[in-house]
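Participant: what follows is a protein structure lacking sequence information:
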Ligand code: ADP
Ligand code: MG
């Protein structure tokens, strides 16, 4: 696998960058509340790349998607608030209108790619969170102009491929969140990479069901039960350990807060791992040398069911292991507990981080590599 061109490689190819127009695909998909940016982290994350280019006199044109407009202009998803904030952080840097206002973006329409590269001397992809999608702004420009990865993308690739290629053992993956079906591919891939898998979140109930344990009315995926059975068998055959919770908190049939073992009677619902499981998971994380965490341990948005996720987040902060967190909700949980500075890397991409771990590559990275030849 040939390497992905860096900003330095781009400079070597283009010569003096002074006055050159560089299109930078950023991930400015910021959270908005009534048109006001509630967290500008994603804008600030793009600054090192932008600054590297403007320091060399390049004219930087940024472009991003925002929300999910359905291929047509929608004032609700206008880039105007982002443009305003960007002007404060990086004066003089241009920002195109929301890429997804044009149906050509998600359809990877060559005509839309042509409009993006018009008058452009080079292209930089710094949008890790969108690099698992073969959209026009991700895979198009590298076919036409010298291209490179930005600093943010480079960091993500280094860290996540490092997990795959240079694992420190014990390597533990902690998985939670709502659905096993979302993450099946990565679970399969992780079984080969890690020494043990820790499973919480609603997805543990599908594993409970696979073992014949009663789960009451907890969220689970009936059509994934057989898959979970197979994963448990596969793990055993490969000598890998799957840790499942042995206590659960949730609500009983009357709707009152309750703690259960690993069997839930009819009418009750599990919303978090229990204190015993949180302590056991902490031990596994403390003894690891590398940990990847994706997906909250419970419905942490509700304070009553945040304890499991909080304990695991604290263990991620306390362990001496190299720690990586991927996933929108896991990152949000970490930030909510003010522990985001205590882990080694918080990925800016949910789906992209899982796909990179699973496949070792992404459409956006392949496009950059091909641009080199
Ligand atoms: P991430 O974004 O980190 O990949 P997911 O999107 O897969 O995580 O899942 C996050 C969601 O899963 C959260 O909204 C959380 O409330 C929900 N969740 C976790 N455990 C449970 C549970 N036991 N019951 C219901 N919802 C749960
Ligand atoms: Mg999510």
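Facilitator: On my side now, so go ahead. None of these values were measured; they are calculated from a predicted model. Numbers count the residues shown, from 1 in each chain. Ligands and ions are numbered 1, 2, ... in the order given.

Participant: check what pLDDT the residue of the stretch 251-373 of the chain found nearest ligand 1 gets.
Facilitator: At 2.7 Å from ligand 1, residue 327 is the closest residue in the stretch 251-373 of the chain, using C-beta to the nearest ligand atom. C-betas here are computed from N, CA, C, even on glycine. Per-residue pLDDT puts residue 327 at 84.

Participant: ditto for residue 2
Facilitator: 61.

Participant: before we move on, what about residue 372?
Facilitator: Predicted confidence (pLDDT) for residue 372: 68.

Participant: same deal with residue 185?
Facilitator: For residue 185, the predicted pLDDT is 88.

Participant: any idea how far it is from residue 266?
Facilitator: Residue 185 is 33 Å from residue 266, where distance means C-beta to C-beta, to the nearest Å.

Participant: circling back to that earlier point, which residues does the closest residue to the residue of the stretch 251-373 of the chain closest to ligand 1 other than its chain neighbours bridge with?
Facilitator: Take residue 327 and drop its neighbours on the chain: the residue closest to it by C-beta to C-beta, 6 or more residues apart in numbering is residue 294, 4.2 Å away. Counting by DSSP bridges, residue 294 is bridged to residue 175.

Participant: show me what contacts residue 294?
Facilitator: 173-177, 183, 186, 325-327, 330, 350, 353-354 (C-beta atoms under 8 Å, 6 or more residues apart in numbering).

Participant: what's the answer for residue 244, then?
Facilitator: Per C-beta under 8 Å, 6+ apart, neighbours of residue 244: 199, 204, 207, 208, 262.

Participant: can you check residue 6 too?
Facilitator: Counting by C-beta under 8 Å, 6+ apart, residue 6 has contacts 148, 149, 154.

Participant: okay, now residue 361: neighbour count?
Facilitator: If you count neighbours by other C-beta atoms under 10 Å, residue 361 ends up with 15.

Participant: A strand includes it, no?
Facilitator: No: under DSSP: H, G, I helix; E, B strand; the rest coil, residue 361 falls outside any strand and is assigned coil.

Participant: confidence score at it?
Facilitator: Value listed for residue 361 in the pLDDT field: 97.

Participant: start at 4 instead
Facilitator: New numbering, starting at 4: the last item is residue 364.

Participant: pull up the gap between it and ligand 2, please.
Facilitator: Using C-beta to the ion, to the nearest Å, we find residue 364 at a distance of 22 Å from ligand 2.

Participant: let me see the backbone angles for that residue.
Facilitator: Backbone torsions of residue 364, given as degrees, to the nearest 10, read phi -160, psi 160.

Participant: cool, residue 64 as well?
Facilitator: Torsion angles, degrees, to the nearest 10, at residue 64: phi -120, psi 110.

Participant: right, and it touches residue 124 too?
Facilitator: No: taking C-beta atoms under 8 Å as the definition, residue 64 is not a contact partner of residue 124, at 10.4 Å.

Participant: which neighbours do these two share?
Facilitator: 24, 25.

Participant: in helices only, show me the contacts of residue 297.
Facilitator: In helices, defined here by DSSP state H, the members of these are 189, 333, 356, 357.

Participant: what about the residue nearest to residue 330, distance to residue 334?
Facilitator: On the measure of C-beta to C-beta, residue 297 and residue 334 end up 10 Å apart.

Participant: can you map out the helices along the stretch 104-253 of the chain?
Facilitator: With DSSP state H, counting those that start in this stretch as the criterion, the stretch 104-253 of the chain has helices at 106-110, 113-120, 139-142, 154-168, 187-196, 206-213, 228-240.

Participant: so which of those comes closest to ligand 1?
Facilitator: helix 206-213 (7.1 Å).

Participant: ok and the closest one relative to helix 187-196, angle-wise?
Facilitator: Put simply, helix 206-213 runs at 80 degrees to helix 187-196, going by axes from the mean of the first three to the mean of the last three C-alpha atoms, to 10 degrees.

Participant: hmm, helix 206-213 touching ligand 1?
Facilitator: No: for helix 206-213, no contact with ligand 1 is found by C-beta under 6 Å from any ligand atom; the gap never falls below 7.1 Å.

Participant: helix/strand/coil for the residue of the chain most remote from its centre?
Facilitator: The centre of the chain is farthest from one residue, residue 257, which by C-alpha atoms, centre = their mean lies 37.1 Å away. Here residue 257 is recorded as coil under three-state DSSP.

Participant: list the contacts of whichever residue of the stretch 154-303 of the chain sits closest to ligand 2.
Facilitator: For the stretch 154-303 of the chain and ligand 2, the shortest gap (C-beta to the ion) falls at residue 180, measuring 6.3 Å. Residue 180 makes contact with 186, 204, 205, 206, 297, 298, 299, 330, 332, 333, according to C-beta under 8 Å, 6+ apart.

Participant: just the buried ones among those residues, please.
Facilitator: 186, 204, 205, 206, 297, 298, 299, 330, 332, 333 (16 or more other C-beta atoms under 10 Å).

Participant: how near is the closest residue to ligand 1 within the stretch 54-203 of the chain to residue 303?
Facilitator: Of all residues in the stretch 54-203 of the chain, residue 180 sits closest to ligand 1, at 2.3 Å by C-beta to the nearest ligand atom. Per C-beta to C-beta, residue 180 is found 11 Å from residue 303.

Participant: okay, residue 188 and residue 269: which has more neighbours?
Facilitator: Remark: of residue 188 and residue 269, residue 188 carries more neighbours, 14 against 9, as counted by other C-beta under 10 Å.

Participant: you'd agree that one is up against residue 361?
Facilitator: Yes: under the criterion of C-beta under 8 Å, residue 188 makes contact with residue 361 at 4.9 Å.
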